[in-house]
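Novice: Build me a model from this:
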Amino acid sequence: MAAAAENGVLPFIRTVAGATLFRVLRLSYVLDRPWPALGRGTRRLIWFLWSNVTTRMSDQLRGQLRGERGPDTPSDADPDRRRNIAPDRIGLAPCDAPVVSVIIPTFGQLSFTLRCLVSIKAHFPAVATEIIVVDDAFSGLEAEALAQVQGIRLLRNAVNLGFLRTCNAAARAAHGEFLLFLNNDTEVCCGWLDRLVEVFATHPDCGLVGSKLIGDDGRLHEAGGILWQGGTAWTYGMGSDPEAPEYNYVREVDYCSGASLLVRRQVFLAIGGFDEKYAPAYFEDVDLAFRLRRVGLKTFYQPRSEVMHYGGASHGRDVRFGVKSCQVTNQVTFLETWQGVLTREHFVSGTRLLRARDRARDRKVVLIVDHSVPQMDRDSDSYAIVALIRAALASGLVVKFWPFDLHRTPIHTEALQDMGVEVLYAPYQTSLTEWLQLNGADLDIILLSQPDVAQACLPVVRSGSAARIVYFGCHIHFRRMMAQADLSRDAGERRAAEVMRELEISIWREADTVLYLSEEAAAEVRAIEPSVNVRALIPFSFAGATAGPGCDIPRDNGPAEPLIIFVAGFGHARDADAAVWFVREVLPLIIADVPAARLSLVGSNPPPSVLALRGRNLSLSPNVTDDELLAWYRRARVAVVPLRSGAGVKLRSVEALWHGVPVVLTPSGAEGLPDVDEVAAVEWEPATFAAAVRDLLTNDVLWQRRSVAGAGYARDRFTEATHRQSLLLALGIVPPPAGVPAGCLTTAGMI
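Specialist: You can find the predicted model right below:
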């Protein structure tokens, strides 16, 4: 049902509503100059209506896609049915070869422990897990009750060790690769443990990762922690809405609470576990994060791991009495131990909050503003933006993303958040002007993408921050529009192209730096406006090995199957035009020589003109997944990029080369790829284009040579390392190589 909703009605609603919203919001920003209050009031009214329709619908879909518990799930963990839990009815699955050992220390509070175990049963992780419950010598009755729970490892301390020493002892007895320390006064939610383990897989420098803690009243209890220079610790976000953007992206933090904390067992033991000078409890988790950071391992906060925490259930809330009083004395111990680090690396209490919560004292902070959250599966501009974001994050930059339509698009928004990007959306944010008033001083770079967005936002960002303003054009829009007008001979399209030309020139003049995805585009900007600081950026990057013969990724059928593919986003007029031209003008010439040849058009949103092209030698494969697309590349004999218009480097040209599929391109498809004609055929006329495809279908020696050469071409130019270097050079964060003037960097100069 969730898949049907995502592929059916909801995308249509988002498309129509998002386009309308973009136009209305753009008009509302115009009101900010003469009537700021009216502009803000208009946006609040718009977002009130928007959030009551689409945002709630998106939340429902997000819950379904995340696999949250539905009405048919067993309700043992529901509040009204858990007050008298029979231990012998819980029953967890035992595990002989665990990847994770969950350690739950207990001292009394049996009802909380049983509730915790019931919640684990309701949301048992996919990763192999053993559950270790440690009774810290509380009473024989409690141990007897816990012994009735099937599937757990019950450890009992002979004497009371206290929380810290109990955790250390249990860690030595655990069998898993990872240790998950979990308070007994917690209840876990869907995905709580699997999402923590994911962070270690995606961040090789991860030492600790903690959960989002939510109070029993539904308000946020903690979204990571902040340490200030004076040793004061903040549980960030306490009392706030847990769905707010600032609490819902993976990020490095100063520390995470030991209420739900994952660490590698060998690392924990090698570093000596929790330092016993903090026994019996408090500040041991903070100290552990600092000790791991000293050896190069970071602490991360994972918002997808949600755990309900009954704060104060174990030791109360009054720091004057009992174990809770150790919070005060251990803070003094911690400050004495780490005073030098706190002074060098942390902020004065309560200041520079945006940087403090991201550990960004010495890191550049970038705000990216684009039309909407990028959807990589739908257009190449989105792919380029996401590639830029990945390069920025991998280079140590902190990235904030402001979609101009302020819509939280399910799946795509979470994809950015999982990468470590704070995505700002309504109804929590409604005004870029107001957000900049609070945070503009902490920004180093503001990157505006697309002409319409830049036109609307330039006055706002210029007045709201001293950050350097970068315009990311992707491609020169007016040139693409001019080429299309030349094909259609439409006077209206030509006038629109001329208007776009004037708009883009005005943006170039206003921006501090202009980025384009090829040196060819950058050179054209310099020719039109010599004073503009324009730089070329490598447009895309790919990870792993290329897929040509002799590389690590195998091809399914080798060079035998006479399959031609054209991969595109057919919702773009240029791609639909290319498909129609190729099928009508080129494909018949190929089939005349190679009757078994067949073409597959692979891509999203085919319009009626493309849908009408179905035939015996032709198939359509719309809306494919990444894995399905990879399968098409492995099967294909030849890839074609028959674009007759368009500007900038084409993702699909580079992608086919990377996957070792020989390519036949038009000059438009080859744009921005220097010397690509040495590894691929570049043709314009239908007859010569067809002949180039036919040669690759029938000549195995040529096919093999082109496959190897194309994969090598992509491997030399489009790796993640070269992309990161090109971004840092283009943003002026690192100096250009000796002898290469800034702003004149070619692809070769970036490698």
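
Novice: Just say helix, strand or coil for the one residue sitting closest to the centre of the chain.
Specialist: The centre of the chain sits closest to L416, judged by C-alpha atoms, centre = their mean, with a distance of 2.5 Å. Following DSSP: H, G, I helix; E, B strand; the rest coil, we place L416 in the helix state.

Novice: go on, T688?
Specialist: Per three-state DSSP, the local secondary structure of T688 is helix.

Novice: what are the ranges of the helices in the stretch 251-400 of the chain?
Specialist: Secondary structure of the stretch 251-400 of the chain by DSSP state H, counting those that start in this stretch: the helices cover 265-270, 284-294, 326-345, 353-357, 380-394.

Novice: Dump the C-alpha coordinates for the longest one into PDB.
Specialist: Read it as helix 326-345. This file holds the C-alpha atoms of helix 326-345, laid out as PDB (Å, rounded to 0.1, in the frame of the first residue of the first chain):
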ATOM      1  CA  CYS A 326      27.300  12.400  41.800                       C
ATOM      2  CA  GLN A 327      26.200  14.400  38.800                       C
ATOM      3  CA  VAL A 328      27.600  17.500  40.500                       C
ATOM      4  CA  THR A 329      30.800  16.000  41.900                       C
ATOM      5  CA  ASN A 330      31.600  14.200  38.600                       C
ATOM      6  CA  GLN A 331      31.100  17.400  36.600                       C
ATOM      7  CA  VAL A 332      34.000  18.900  38.600                       C
ATOM      8  CA  THR A 333      36.100  15.800  38.000                       C
ATOM      9  CA  PHE A 334      35.300  15.900  34.300                       C
ATOM     10  CA  LEU A 335      36.200  19.700  34.100                       C
ATOM     11  CA  GLU A 336      39.600  19.100  35.800                       C
ATOM     12  CA  THR A 337      40.400  16.300  33.400                       C
ATOM     13  CA  TRP A 338      39.400  18.000  30.100                       C
ATOM     14  CA  GLN A 339      39.800  21.700  30.800                       C
ATOM     15  CA  GLY A 340      42.400  22.200  28.100                       C
ATOM     16  CA  VAL A 341      40.300  20.500  25.400                       C
ATOM     17  CA  LEU A 342      37.100  22.400  26.400                       C
ATOM     18  CA  THR A 343      39.000  25.700  26.200                       C
ATOM     19  CA  ARG A 344      40.400  25.000  22.800                       C
ATOM     20  CA  GLU A 345      37.600  23.300  21.000                       C
END
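
Novice: Okay, buried residues for it please.
Specialist: Neighbour-count burial for helix 326-345 flags C326, N330, Q331, T333, F334, L335, T337, W338, L342, E345 (criterion: 16 or more other C-beta atoms under 10 Å). In short, each C-beta sits where N, CA and C put it, glycine included.

Novice: min pLDDT across these, which one?
Specialist: Within the set of the buried residues of helix 326-345, pLDDT is lowest for C326 (64).

Novice: S707 and Y282: what is the separation?
Specialist: Separation of S707 from Y282 (C-beta to C-beta, to the nearest Å) stands at 62 Å.

Novice: Comparing these two, which shows the higher neighbour count?
Specialist: S707 (28 against 25; other C-beta atoms under 10 Å).

Novice: quick one: that one and H659 touch, right?
Specialist: No. Counting by C-beta atoms under 8 Å, S707 does not reach H659; the two are 9.3 Å apart.

Novice: ok, back up a step: is it possible to get JSON lines of the helices of the stretch 251-400 of the chain that adds distance to V676?
Specialist: Formatted as JSON lines, the helices of the stretch 251-400 of the chain follow (distance: least, C-beta to C-beta, whole Å):
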{"stretch": "helix 265-270", "distance to V676": "47"}
{"stretch": "helix 284-294", "distance to V676": "45"}
{"stretch": "helix 326-345", "distance to V676": "47"}
{"stretch": "helix 353-357", "distance to V676": "43"}
{"stretch": "helix 380-394", "distance to V676": "17"}
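
Novice: Can you list the buried residues in stretch 231-246?
Specialist: Within stretch 231-246, the residues that count as buried by 16+ other C-beta under 10 Å are G231, A233, W234, T235, Y236, G237, P242, A244, P245, E246.

Novice: Quickly list what the second one is bridged to.
Specialist: In this entry, A233 is beta-bridged to L227, by DSSP bridges.

Novice: Report pLDDT for it.
Specialist: If you check A233, the pLDDT there is 90.
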